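In: no sequence for this one, just the structure:
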Ligand SMILES: C[C@H](O)[C@@H](O)[C@@H](O)C(=O)CO
Ligand SMILES: [Mn+2]
């Protein structure tokens, strides 16, 4: 395959990427105090800016830019000037830093939508921590939750280094804050509506608008037919894509009974259709200047969609090829144009899983796995079915993540991490040979009987040993949105055991065997309990243990978390959450989210 040489983001969404604004706060008393603080405070700001820009990128690959206020902020006039600068520069996240005492209400960032953190230097020459406590209490009193960062160990005054614990909190806060600012104002595009009565497919406008700051766009699936029949897609790209598919997408086993097998001609035509569907869905999301050249100016603009979903079943799939190829390729980190940012596209237009995938992508910069949460296999059930006793990481049972085959090819696990281990990586660190390895590890099986219109499903088994986080947003009447997540690992089974279980399910679909990390309590008492507490038929799976980042993001949006196994040291929420109870952080989270309400009222 060819690689996109420049690796530029494909993101053609409206608006600049949000920046991080750094606010150096000082004690405004001139004639000695202020002068003694200005320099070190500015240095603190510069070192935070450098630290973040060197370590974080936007999920589209662009560097994260930090903007520092023109002067230190000693009072409200300078706070206002800083706010003005931040507005002009497109700042979406703010971090206030100080080593000293300052005047909280006079200097605070009062923008209600800006995720905020305050780093109060742990020194003792000047009272930075006293300010931090006063500042967080002011934020709490005013209903502007802020994340408080207070280093564990005392530093010398003027020491601009960022201790490890402070750095970890800065990055967790910044990445989640950027996710909030990046999705704001963007669209979720529903292509089709509700699939097979699945409630998660309902585009709940109030949820999107009030919690995410997003808008909902809708397109009937007949739009695909119109664009296919009138040729509203880049025909050169279509030819290139078809050739790439012929060279790289190997057909797998056709398990259909003879009377349901599609003919070779039908299958060839299905390939043409699924490639067109892929181009069309992408163009509907983000637009395509090529369409304007064809005389379709309106279509060339797209819907400014940072996420989308395709209903598929059944209105479409009863007659046309299914959406598996389109969903698998769009959500992967590469296609015929080379290596590029994955698109967030939710199967069955499960909007709530789509949002969860969007969270994962913005927090990890890497392809997300969409999957049905299909089966809990207890060790006894596996032994009964196969004669094999599960061992090692699988010994407590396994959860079978599988559905018809829209899974991103990155989830083969064919790419490798720093030590050669299987990994799902940000597109910018994926090599051409790794993308090829993902393609080589995938077969495309003719769709089974659920899909009367044919299509091709990805078939692979995810490699073992990857740290992953499975997550899901649910909507509950009287409660609103609620997030659940489970950190764990992928496992593999001996071939004959895998084959026996896979055959019982569907051998032509992609499998990920998941084991959650157990805590012995509540939903994480055992693997069965994780399955039993899952709130819906789907999950979004991210590479890495990102539960901490998800918790931070959810708290910024005021979405409580009902189930998680995140180690305490990774939990980082606004300081106000502690005022809702410290013995029972889960209950406190629910109370705090309810009290503050959605980010966008
Ligand atoms: C093909 C079937 O309809 C499956 O797609 C179905 O069980 C689901 O995926 C439900 O989420
Ligand atoms: Mn499904």
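Out: Looks like it came in fine. Values in this document were obtained by computation on a predicted structure and should not be read as measured data. Ligands and ions are numbered 1, 2, ... in the order given.
In: measure the closest residue to residue 508 other than its chain neighbours to residue 165 for me?
Out: Counting by CB to CB, 6 or more residues apart in numbering, residue 508 lies nearest to residue 445, which is 3.5 Å off, once chain neighbours are set aside. All C-beta spots, glycine's among them, are computed from the backbone N, C-alpha and C. Going from residue 445 to residue 165 by CB to CB, to the nearest Å gives 49 Å.
In: who's more crowded, those two?
Out: A count of neighbours by other CB atoms under 10 Å puts residue 445 above the other of residue 445 and residue 165, at 25 against 15.
In: I'd say that one and residue 404 touch.
Out: No. Contact criterion CB atoms under 8 Å: residue 445 and residue 404 do not qualify, at 9.8 Å.
In: so residue 599, which of the three states?
Out: Following DSSP: H, G, I helix; E, B strand; the rest coil, residue 599 is assigned to coil.
In: that one against residue 211, yeah?
Out: Yes. With contact defined as CB under 8 Å, residue 599 reaches residue 211; the gap is 6.5 Å.
In: skip the chain neighbours and tell me the closest residue to residue 127.
Out: Sequence neighbours aside, residue 101 is the residue nearest to residue 127 in space, at 4.4 Å (criterion: CB to CB, 6+ apart).
In: SS state for that neighbour?
Out: coil.
In: what about it, distance to residue 479?
Out: From residue 101 over to residue 479 (counting by CB to CB), the distance is 41 Å.
In: more neighbours, these two?
Out: residue 101 (21 against 13).
In: that one touches residue 128, doesn't it?
Out: Yes. If you go by CB under 8 Å, residue 101 and residue 128 touch, sitting 7.4 Å apart.
In: who touches both of residue 599 and residue 211?
Out: Jointly contacting residue 599 and residue 211 under the rule CB atoms under 8 Å, 6 or more residues apart in numbering are 557-558.
In: quick one, which of those two is more surrounded?
Out: residue 211 (22 against 19).
In: show me the shaky parts of the stretch 1-150 of the chain.
Out: The stretch 1-150 of the chain contains residues with pLDDT under 70 at 1-12.
In: all helices for it, in order.
Out: If DSSP state H, counting those that start in this stretch is used as the criterion, the helices of the stretch 1-150 of the chain fall at 33-55, 76-89, 104-107, 128-142.
In: what's next to the third one, contact-wise?
Out: Right, the one you point to is helix 104-107. For helix 104-107, contacts defined as CB under 8 Å, 6+ apart pick out 23, 25, 28, 73-76, 78-79, 96, 131, 134-135, 137-138, 142.
In: for those residues, pick the one with the most neighbours.
Out: residue 25 (35 neighbours).
In: what bridges to that one?
Out: Here residue 25 sits in beta bridges with residue 73, as judged by DSSP bridges.
In: and it, how far from residue 181?
Out: Distance from residue 25 to residue 181, by CB to CB: 21 Å.
In: now swap in residue 169 and tell me
Out: Distance of residue 169 to residue 181, given as CB to CB: 18 Å.
In: now do residue 252
Out: Applying CB to CB, the value for residue 252 to residue 181 is 42 Å.
In: likewise for residue 196?
Out: 35 Å.
In: those two: which is more packed in?
Out: A count of neighbours by other CB under 10 Å puts residue 181 above the other of residue 196 and residue 181, at 24 against 12.
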